[in-house]
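> what's the 3D shape of this:
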Amino acid sequence: MPDRLTRRTAPARTGIVHLGPGAFFRAFQAIYTAEAMAAQGGDWGILAVSLKSPTARDQLESQGGAFTAVELGPEGKSARVIESITGVLVAPENPEAVIAAMADPGVRIVSLTITEKGYCHEPATGRLNRDHPEIRHDLKNPDRPQSAPGFIVAALARRRADGVKPFTVLTCDNLPSNGRLARGIMLDFARARDHDLADWIAAEVPFPATMVDRITPATTPADIEALAASEGYLDPACVMHEPFRQWVIEDDFADGRPAWEVAGAQFVRNVEAHEAMKLRCLNGTHSTLAYLGYLSGYETIAETVADPAFAALCNRLWREEILPTVPRPEGEDLPAYCAALLDRYRNPGIRHRTWQIAMDGSQKLPQRILGTVRDALAAGRVPSGLCLAVAGWMRYVGGLDEAGQAIDVRDPLAAQLRAASDSAQTPAGKVAALLGVAQVFDPALAGDARFRTAVTEAYDALAGQGARATVAAWTSAG
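Have a look, this model is predicted:
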């Protein structure tokens, strides 16, 4: 057995606390930060905080926070060690240590990659879900929080009481207008706790929006074994990623930031057009491929788009339904961006599982697909391809694949969605029941007869012909 990876350099002083030290953070922000400090220095070491599991701490602690990032290119792999993480805390083990770390005056940024469900909000409205169990707990126990909003507001309250400048809250999750959304959620929580604190946060704390993009498949035991064979050390914290990366950030920070631009980050005044481009063009088709590809028996995105029908599905969705709703970001060629996306999906080195992308669909669907659907309907177009994607999600959360085998549906609303699907026997009944899940579908969209009819027809086709045949029929009709 090879020795574990060990840190080679002394850690920088901590300037960032990051909530959610999963694979994406390590393959993205941790790398940008390491490159920025290598180029221009600065006290921007990252203290990582896991809000749930001790896994990241257990993987990274004995390695001094170091880990290996493995780039999966079409021609092969390349590995490098990243040392921007200074330590890892597990929030449930010591909530006070997390609050104290975030309240330290040396910390100038608190960043997040906690996925959509970590914001404890209603995806259909974007507002804080005050009935969420963690939010109820945190409002009753403000010094022992469990949620990201609870920790952030507790730390800001302490900084305010100590007369310390606030930190910047930098969300790096795939949510539309993610900075504004995070700000609204934090203010909702703060108002429920202390109106004066909420007013201070509203006046003093920046919430810059960002757009993040890098495909990061889940690391497997085989990946860890292959790295040990090639590099001569064991690193259970290693991450896999594609060569491409893009980070667009609104340049609005309370007390400085790393020189991320030297690592290729783009600083802009308004990130919304870039956000819309990525959420709708990439994430929208990614989710479409995940549900319809899984139902067709494909394990990965690369396998899915190797099927000409699914490549044609992406191209038609972009051309006819998605791009007409996307404002062109400065410096971007939208058709060229979509063509590059298809090349990225085809990368044989990236084994991005359809099942992995399909997780937490109830939280993702409103941002990735339903916003595009609403815009198309408002313009007088019925986006039948995206309605097919919605029907694919409905089939998936029903919990049985086309062979009658159980699907391991990972979603915070999994039981509710399965119950809604099981409450009816006909496609029309199942669609109606699932459209009634208000956490996902706002009533105006759910009540639109054009949308309801198109989703029902698509569900009926999926149930009768199967996903692969339905996709082939839809693309050939275009």
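
> residue ranges for the strands of the chain, please.
14-19, 45-50, 67-73, 76-82, 85-90, 109-112, 168-171, 210-213, 239-241, 246-250, 266-268 (DSSP state E).

> for those strands, which one sits closest to Val390?
strand 210-213 (23.5 Å; Cβ to Cβ). Every residue, glycine included, has its C-beta placed from N, CA and C.

> what average pLDDT does that closest one get?
Averaging pLDDT along strand 210-213 gives 96.

> report the buried residues of that strand.
Neighbour-count burial for strand 210-213 flags Thr210, Met211, Val212, Asp213 (criterion: 16 or more other Cβ atoms under 10 Å).

> distance to Val81 added to the residues you listed, as JSON lines?
Output for the buried residues of strand 210-213, formatted as JSON lines (distance: Cβ to Cβ, whole Å):
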{"residue": "Thr210", "distance to Val81": "26"}
{"residue": "Met211", "distance to Val81": "27"}
{"residue": "Val212", "distance to Val81": "22"}
{"residue": "Asp213", "distance to Val81": "23"}
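
> ok so, going back, any chance of TSV for the strands of the chain, columns distance to Asp194?
What follows is the strands of the chain, written out as TSV (distance: least, Cβ to Cβ, whole Å):
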stretch	distance to Asp194
strand 14-19	22
strand 45-50	23
strand 67-73	39
strand 76-82	39
strand 85-90	25
strand 109-112	19
strand 168-171	17
strand 210-213	28
strand 239-241	39
strand 246-250	27
strand 266-268	33
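
> contacting residues for Glu71?
Lys77, Ser78, Ala79, His241, Glu242, Pro243 (Cβ atoms under 8 Å, 6 or more residues apart in numbering).

> now do the nearest residue to Pro236 once chain neighbours are set aside, the pLDDT please.
Nearest non-adjacent residue to Pro236, counting by Cβ to Cβ, 6 or more residues apart in numbering: Gln59, 4.8 Å away. On pLDDT, Gln59 comes in at 96.

> please report how far Gln59 lies from Asp442.
40 Å (Cβ to Cβ, to the nearest Å).

> the more surrounded of the two?
A count of neighbours by other Cβ atoms under 10 Å puts Gln59 above the other of Gln59 and Asp442, at 19 against 16.

> was I right about that one contacting Leu234?
No - using Cβ atoms under 8 Å, Gln59 is not in contact with Leu234, being 10.5 Å away.

> where does Gly399 fall, phi/psi-wise?
phi 90, psi 0 (degrees, to the nearest 10).

> isn't it right up against Ile407?
Yes - with contact defined as Cβ under 8 Å, Gly399 counts as touching Ile407 (5.3 Å).

> what is the burial count for the closest residue to Ala311 other than its chain neighbours?
Nearest residue to Ala311 in three dimensions, chain neighbours excluded: Val305, at 5.0 Å (Cβ to Cβ, 6+ apart). Per other Cβ under 10 Å, the neighbour tally for Val305 reads 25.

> contact partners for Val305?
Contacts of Val305 (Cβ under 8 Å, 6+ apart): Leu289, Ala311, Cys314, Leu342, Tyr345, Arg346.

> in the chain, where is pLDDT below threshold?
Where the chain drops to pLDDT under 70, the residues are 1.

> pretty sure Cys281 sits against Glu321.
No - using Cβ under 8 Å, Cys281 is not in contact with Glu321; the gap is 10.8 Å.

> those two: which has the busier surroundings?
Set Cys281 next to Glu321 and count neighbours by other Cβ under 10 Å: Glu321 wins out with 24 against 21.

> what sits closest to that one if chain neighbours are left out?
The nearest residue in space to Glu321 (Cβ to Cβ, 6+ apart) is Pro383, at 4.2 Å.

> what segments of the stretch 201-350 of the chain are helices?
221-231, 272-276, 284-295, 301-306, 308-316, 334-346 (DSSP state H, counting those that start in this stretch).

> domain ranges for the chain, per the record?
14-268, 272-476 (automatic domain parsing).

> nearest to Asp3, of these?
domain 14-268 (5.8 Å).

> what about the closest one, how long is it end to end?
For domain 14-268, the first-to-last residue distance is 26 Å (Cα to Cα, to the nearest Å).

> what about it, distance to the chain center?
12 Å (Cα atoms, centre = their mean, to the nearest Å).

> same check, this time on stretch 301-319
Computed by Cα atoms, centre = their mean, the chain-centroid distance of stretch 301-319 equals 22 Å.

> for Leu170, give the beta-bridge partners.
Ser111 (DSSP bridges).

> can you give me every residue that contacts Pro123?
Glu116, Ser362, Gln363, Lys364, Leu365, Pro366, Gln367, Gln439, Val440.
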